[in-house]
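Chemist: Quick one: sequence plus predicted model below, questions after.
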Amino acid sequence: MQQDEQSSSVSPDRPSESAQPADLYDELKRSPGTSVSSRGERSQAGVLLELVREMRGQRESFDEAQKLAAAERRSERRWRMLFQALVFCFPVVLGVVYLLFFLSSTGFRWGPFGDVVGVVRIEGPIASNERASAESIVPLLEKAFANPNVKAVVLSIDSPGGAPVESERISTSIGTLKKKHSKPVVAVISNIGASAAFMIALHADKIVAGRYSLVGSIGAIMAPWQFDRAIAKVDISQRVYASGKLKAFLNPFTPVTPEVDAKAQRLVDQLGVAFLEEVKARRGSRLKQGVDVATGEVWPGPEAKDLGLIDVVGTIDEYVSATWGLRTYDFGPNAQSLPLLGRTLQDVIVGSVQRLWGSVPEVR
């Protein structure tokens with residue numbers, strides 16, 4: 001009984017041992033109004049109050065430190081993720097940019113989407129090491145003819161001519177693809193469509209040229225150099241061993257004999273006659289009678305139409321708009337693709353040597 005009375009008498013004045021520091025602080029804060037029997041108890045209560053206040057401050061400081069540490073960890077995690085993204089994503093982005101540049105340089109384009117008129121460009125000299133080579137043009141023709149969205153094919157020609165065999169390969173490909181795919185083919189001459197370039201235009205269904213376009217140059221030419229007199233002045237000569245007397249007739253370091261001269265002229269005449277026969281076969285009754293179109297000269301668009309060499313005087317834009325009313329899609333080849341991929345140093349050297357020696361006959 002006495003213990004119960006003592007415990008009950010103590011509990012109103014002393015805080016519970018299980019109470020939290022904040023609860024103790026609040027409880028002791030209300031204690032000043034309570035009567036205390038002795039100064040020692042008041043001193044103990046003050047010390048306990050101060051202790052509880054310090055514990056509460058430490059707890060608040062600890063909570064604040066935890067919040068700062070969490071914020072620092074989040075910031076560190078964000079910077080680490082950003083660094084990883086830069087390290088791993090930058091090469092990927094760089095690779096994608098390089099791939100797009102590479103595809104663009106090769107003439108790659110997305111599409112076409114919707115109905116279009118496909119344009120294949122035959123520009124510059126026609127030769128195996130040039131942009132207007134059969135290796136470049138034929139695959140683009142195949143793409144244009146095979147695409148179901150392409151309703152017609154336009155050959156955009158701006159070339160002075162070149163190697164007849166390259167022109168023959170392109171012309172043969174046009175004929176084969178026209179039989180396989182029933183699509184109209186129109187050749188549109190821009191600034192010039194001469195010689196081997198005009199030979200390609202002959203295999204289109206129609207030929208269009210502008211008023212200021214130059215058309216024609218039907219014939220063949222060979223222009224080899226002759227250096228034997230120049231090297232003879234420094235007492236140098238070249239000894240040539242050939243199995244036939246005309247085996248080396250285009251060698252620029254040996255004198256030109258009448259027999260060699262006659263052979264070269266005969267070869268050029270044969271190519272010129274073959275070219276003229278092809279013009280007559282393709283243009284037929286449209287050619288103006290009594291006019292020799294095999295003089296090797298060129299004519300402006302209106303006069304070429306009067307001679308029957310072309311069908312329409314106009315430009316590619318107005319003809320496509322008036323005939324089909326569709327937008328055009330450029331299949332190339334693009335001019336910027338040539339320095340990167342189309343020609344190597346060896347191609348440039350070989351082409352220069354061929355043009356220097358004149359060993360390859362050209363139809364001009």
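Modeler: Arrived safely, thanks for sending.
Chemist: From here on, just use CA atoms for contacts and neighbour counts.
Modeler: Will do.
Chemist: any idea where the helices of the protein begin and end?
Modeler: 2-10, 21-29, 39-105, 134-146, 164-180, 196-201, 228-232, 258-283, 301-307, 316-323, 337, 345-357 (DSSP state H).
Chemist: Got the domain ranges for the protein?
Modeler: What automatic domain parsing lists as the domains of the chain is 2-66, 106-357.
Chemist: want to throw the ones you listed into a markdown table with mean neighbour count and distance to residue 99?
Modeler: A markdown table is the format used below for the domains of the chain (neighbours: other Cα atoms under 10 Å; distance: least, Cα to Cα, whole Å):
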| stretch | mean neighbour count | distance to residue 99 |
| --- | --- | --- |
| domain 2-66 | 13 | 48 |
| domain 106-357 | 18 | 11 |
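Chemist: Residue 95: which of these is closest?
Modeler: domain 106-357 (16.4 Å; Cα to Cα).
Chemist: Now do that closest one, average pLDDT.
Modeler: Per-residue pLDDT values over domain 106-357 give a mean of 90.
Chemist: Tell me the gap between it and the middle of its chain.
Modeler: Remark: domain 106-357 is offset 25 Å from the chain centroid, using Cα atoms, centre = their mean, to the nearest Å.
Chemist: picking that back up, to residue 214, which of the helices of the chain lies closest?
Modeler: Closest approach to residue 214 among the helices of the chain is made by helix 301-307 (6.4 Å; Cα to Cα).
Chemist: Can I get that closest one in PDB? Just the C-alpha atoms.
Modeler: Extracted in PDB, the C-alpha atoms of helix 301-307 (Å, rounded to 0.1, in the frame of the first residue of the first chain):
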ATOM      1  CA  GLY A 301      16.600  23.400-130.000                       C
ATOM      2  CA  PRO A 302      14.100  25.000-132.500                       C
ATOM      3  CA  GLU A 303      16.300  24.100-135.500                       C
ATOM      4  CA  ALA A 304      16.900  20.600-134.200                       C
ATOM      5  CA  LYS A 305      13.100  20.200-134.100                       C
ATOM      6  CA  ASP A 306      12.800  21.400-137.700                       C
ATOM      7  CA  LEU A 307      15.400  18.800-138.700                       C
END
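Chemist: Kindly reformat the domains of the chain as JSON lines containing distance to residue 89.
Modeler: Formatted as JSON lines, the domains of the chain follow (distance: least, Cα to Cα, whole Å):
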{"stretch": "domain 2-66", "distance to residue 89": "33"}
{"stretch": "domain 106-357", "distance to residue 89": "25"}
